[in-house]
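Colleague: Task: produce atomic coordinates for the following.
(chains A and B)
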Protein chains: 2
Amino acid sequence: MASSVDSVDATPLDHFHAIIPAGGVGSRLWPLSRADHPKFLHDLAGNGHTLLRNTWDRLLPLTGAENIVVATGVAHAPAVKSQLPDLDPGHLVQEPSPKESSAAIGLAAAIIELRDPDAVIGSFAADHVITDDEVFHGAVVEAYQAALADWVVTIGIRPSEPSSAFGYIQLGAEEAIEGAPSAHLVDSFVEKPDYEVARKYVSSGDYLWNAGMFIAKASVLLGRMQAEKPELVAALREMAAAWDTDSRNEVVERIWPQLEKIAIDYAVAEPVARAGGMVVIPGDFGWDDVGDFAALARMHAKGPGDLAILGDNTAVLSERSSGIVVSQSSRLVSIVGLNDVVVVDTDDALLVTTKENAQRVRALVDMLRQQQGDLL
Amino acid sequence: MASSVDSVDATPLDHFHAIIPAGGVGSRLWPLSRADHPKFLHDLAGNGHTLLRNTWDRLLPLTGAENIVVATGVAHAPAVKSQLPDLDPGHLVQEPSPKESSAAIGLAAAIIELRDPDAVIGSFAADHVITDDEVFHGAVVEAYQAALADWVVTIGIRPSEPSSAFGYIQLGAEEAIEGAPSAHLVDSFVEKPDYEVARKYVSSGDYLWNAGMFIAKASVLLGRMQAEKPELVAALREMAAAWDTDSRNEVVERIWPQLEKIAIDYAVAEPVARAGGMVVIPGDFGWDDVGDFAALARMHAKGPGDLAILGDNTAVLSERSSGIVVSQSSRLVSIVGLNDVVVVDTDDALLVTTKENAQRVRALVDMLRQQQGDLL
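Modeller: Just a heads-up that it's a prediction; the model follows:
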């Protein structure tokens, strides 16, 4: 068992299982992200691998391949398998329809719990970017130690700037937990604030970004969820019981459509935090959920006046311009005299906007849904 | 012979010949305009016809098809023929290499003079947009009358706004010419001014836009040019003498490469104006040389907040945006939150800029010339 930052890359943590929910199209990244090619299947970190593959590679040292479960929509199962050839087919949870994170993570946790009653699970989104794996590993090790002590744990990211694009975690008192020296109680979860409020949060030092990472014993997580949503957990456990049997498909097809849609934030994290049962490990690594093209520009630009370029074989000619160009076409892209511009060039659709308007892309996609469904 | 505005659409003017110089790529309209598909071959007026064809159609009532000569580069001769099936092959002057307007217009004038010693020629660029043909015709009739009285004549456009994109003509005293009641002496030609100077010009009422239209007897035009550039005119007349003979190609190939490159503004218009020999007819019709995408946006936008769309089969989705989209691809173009934007989408190249930066496109093309010559 590894218990220090230095050894995490060598030895997996005992009974530690990772769950990777691979869902979410990434609407605000249209036309790069599409329903049939969602955000986690793109190389948004610019390192030659998909975000999903990056997530797998980052967790592997902590779990080993046999202790990772991926939950994704049936439509994306082939792409996930192709990205993760070492993923055991029995460890791929295919969601017949979108049911939010409580169903996806809860079912995975229930399956893992049956296979390993002492399991500690950690859920990490498939489509986030993390830039310092070593520091991330250290935070996970602390979270794992806190989970062994029956806490529900999250990892909150130390903010690098006031951002209104993320939710925040308000730090409570320090909590003395063996092996988790930086643990604090979670005082509350806060929805995305406006910029002014975000500025106050960040300067206070009492707030972390909520990266949606949850670590707990599988039994604790499901127990906490059961206290809030008993019918949901009963249904998840019924499917889990059938999972490694011949009746898996029959049971899943019967039960899945009935499941309540609820984010795990509401079914577990917020009520547990209110009850004083949740701790957070501050994470000092680079993190972004790459929610929109402004985030992508921020990640890839070398400075405020830089024009970042993402894409293979992209010929870009620019003059007096900054922002980001994302190209999936072979065309020449030329930009003259635009600051903070976002140009996304694909074979069948082009988006031109600005970093400031990056959040509006979702509204555009809503318009598209009515007019040009084939381009989504 | 027609001598009043009312009859110009019915009857050609006696001995009146039009010369249409069809040259100039329109670099600032890249990537729409290309070396192999220059500006005059595009439907920039948005009426389903090329600018060249519009020019032909506009002049036809004044000349008849047999009295129009088109001068263009050899590379564009096939496209010109295809656009103008009624153009007599002997009326197509193919320039072996670019030699500026004195050579092109002067050779055409010399050819016409030999065929019709009493010819009055009017030279009108192939790539300008004129929106009121009736009023244009009226101005040409006056210019023709003044030309019959041995003046070198231009038509100057009454400015609709202060523009720093055009040169100006400074009006001198009224000149009493029969049939040309609005004729004024040309005091001087003025290069493109800055905006502040343009504002003063326009508010004074004494300045007109220089549209590069020249009307004169062929013999007068060539005589005036000969006074400035005797060798050039001798060379032009030698080619003209061979034009309708078997030795045309041999003579042109020998002489053309030696011709001096000089704009007709410098070889004729400015010296004649300085000598008090030039008059201008003010034209109260809509005119634009569509020099860049800002001009194109101005022409096609329904108002300052409008996003103009030019192109066939163009699906454009926009939110809070203004400016212009020019599309030659079948892709969806979506624009969010950009004002005065210029988006030009072709199959192999994309340009994104703003109206304010439209003039900079030429610099971009210069960069391209070194890097990606095949896209020019």
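
Colleague: what ranges do the helices span in chain A?
Modeller: A:51-63, A:77-83, A:100-115, A:133-148, A:195-204, A:218-228, A:230-243, A:248-255, A:264, A:270-274, A:293-300, A:361-371 (DSSP state H).

Colleague: can you pull the contacts of residue A:211?
Modeller: Applying CB atoms under 8 Å, 6 or more residues apart in numbering or on different chains to residue A:211 gives the contacts A:125, A:128, A:154, A:155, A:156, A:157, A:166, A:283, A:287, A:289. Using the backbone N, CA and C atoms, a C-beta is placed for each residue, glycine as well.

Colleague: Tell me, how many residues neighbour the residue nearest to the fifth one when sequence neighbours are not counted?
Modeller: The spatially closest residue to residue A:156, leaving aside those adjacent along the chain, is residue A:208, at 2.8 Å (CB to CB, 6 or more residues apart in numbering or on different chains). Counted with other CB atoms under 10 Å in any protein chain shown, residues neighbouring residue A:208 total 26.

Colleague: hey, what's residue A:208 bridged with?
Modeller: With DSSP bridges as the criterion, residue A:208 is bridged to residue A:169.

Colleague: before we move on, the earlier item: figure out which of the helices of chain A is closest to residue B:334.
Modeller: Residue B:334 sits nearest to helix A:361-371 of all those, at 5.7 Å, using CB to CB.

Colleague: picking up where we left off before, quick check: strands, which of the contacts of residue A:211 are part of them?
Modeller: A:154, A:155, A:156, A:157, A:283, A:287 (DSSP state E).

Colleague: Same list, these, but as CSV with pLDDT and neighbour count please.
Modeller: Formatted as CSV, those follow (pLDDT from 0 to 100; neighbours: other CB atoms under 10 Å in any protein chain shown):
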residue, pLDDT, neighbour count
A:154, 98, 28
A:155, 98, 26
A:156, 98, 25
A:157, 98, 25
A:283, 97, 26
A:287, 96, 23
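
Colleague: Nearest to chain B, out of the residues you listed: which one, please.
Modeller: Ranked by distance to chain B (CB to the nearest CB), these are led by residue A:287 at 26.4 Å.

Colleague: tell me the contacts of that closest one?
Modeller: For residue A:287, the contact set (CB under 8 Å, 6+ apart) comprises A:128, A:129, A:130, A:131, A:157, A:209, A:211.

Colleague: try 10 Å this time
Modeller: By CB atoms under 10 Å, 6 or more residues apart in numbering or on different chains, the contact set of residue A:287 is A:128-132, A:136, A:155-160, A:166, A:209, A:211, A:213.

Colleague: and if you look at residue A:37?
Modeller: Taking CB under 10 Å, 6+ apart as the test, what residue A:37 contacts is A:25, A:26, A:76, A:79, A:328, A:346.

Colleague: now, which of these sits nearest chain B?
Modeller: Among these, and counting by CB to the nearest CB, the member closest to chain B is residue A:346, at 7.9 Å.

Colleague: For the closest one, the count of nearby residues, please.
Modeller: 20.

Colleague: What parts of the stretch 201-350 of chain A come near chain B?
Modeller: Residues of the stretch 201-350 of chain A lying close to chain B (CB under 10 Å from any CB of the partner chain) are A:315-321, A:323, A:325, A:327, A:329-338, A:341-350.

Colleague: With just CA atoms, put stretch A:247-265 into CSV.
Modeller: Extracted C-alpha coordinates of stretch A:247-265, given in CSV (Å, rounded to 0.1, in the frame of the first residue of the first chain):
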residue,chain,number,x,y,z
SER,A,247,-29.3,-11.6,-16.9
ARG,A,248,-27.4,-8.3,-16.9
ASN,A,249,-28.9,-7.0,-20.1
GLU,A,250,-32.5,-8.0,-19.2
VAL,A,251,-32.3,-6.4,-15.8
VAL,A,252,-30.5,-3.2,-17.0
GLU,A,253,-33.0,-2.8,-19.8
ARG,A,254,-35.9,-3.1,-17.4
ILE,A,255,-34.6,-0.9,-14.6
TRP,A,256,-32.4,1.8,-16.2
PRO,A,257,-35.2,3.7,-17.9
GLN,A,258,-37.0,4.2,-14.5
LEU,A,259,-34.0,5.7,-12.8
GLU,A,260,-34.3,9.2,-11.4
LYS,A,261,-32.0,11.8,-13.1
ILE,A,262,-30.0,13.6,-10.4
ALA,A,263,-26.5,14.9,-10.2
ILE,A,264,-24.4,13.3,-7.5
ASP,A,265,-23.7,16.8,-6.2
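
Colleague: Check the gap between the residue nearest to residue A:156 and residue A:184 for me.
Modeller: 9 Å (CB to CB, to the nearest Å).

Colleague: Now do the shared contacts for these two.
Modeller: A:156, A:169, A:170, A:171, A:280, A:281, A:282.

Colleague: Just the buried ones from those residues?
Modeller: A:156, A:169, A:170, A:171, A:280, A:281, A:282 (16 or more other CB atoms under 10 Å in any protein chain shown).

Colleague: Distance to residue A:143 for the residues you listed - can I get that in CSV?
Modeller: Listed next are these as CSV, based on distance: CB to CB, whole Å:
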residue, distance to residue A:143
A:156, 10
A:169, 13
A:170, 18
A:171, 15
A:280, 9
A:281, 5
A:282, 11
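
Colleague: Show me which of the residues you listed is closest to residue A:84.
Modeller: residue A:281 (26.4 Å).

Colleague: related to what we said a few turns ago, list just the nearest of the contacts of residue A:211 to residue A:241.
Modeller: residue A:125 (26.9 Å).

Colleague: quick one: the closest one from residue A:52, how far?
Modeller: 10 Å.

Colleague: try residue A:190
Modeller: 29 Å.

Colleague: Kindly give the local confidence score, pLDDT, for the closest residue to chain B within the stretch 151-300 of chain A.
Modeller: Closest residue of the stretch 151-300 of chain A to chain B, CB to the nearest CB: residue A:293 (10.1 Å). Residue A:293 carries a pLDDT score of 95 in this model.

Colleague: need the contact list for it.
Modeller: Residue A:293 neighbours (CB under 10 Å, 6+ apart): A:28-30, A:32, A:310, A:323-324, A:326, A:341-344, A:351, A:353-355, A:357-359, A:361.

Colleague: so of the residues you listed, which ones are in strands?
Modeller: A:310, A:323, A:324, A:326, A:341, A:342, A:343, A:344, A:351, A:353, A:354.

Colleague: got CSV for those, with distance to residue B:117, neighbour count and pLDDT too?
Modeller: Below are the ones in strands among the contacts of residue A:293 laid out as CSV (distance: CB to CB, whole Å; neighbours: other CB atoms under 10 Å in any protein chain shown; pLDDT from 0 to 100):
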residue, distance to residue B:117, neighbour count, pLDDT
A:310, 68, 22, 90
A:323, 63, 25, 95
A:324, 66, 25, 95
A:326, 65, 25, 93
A:341, 60, 25, 96
A:342, 64, 28, 97
A:343, 59, 26, 97
A:344, 63, 27, 96
A:351, 62, 25, 97
A:353, 63, 30, 97
A:354, 63, 20, 96
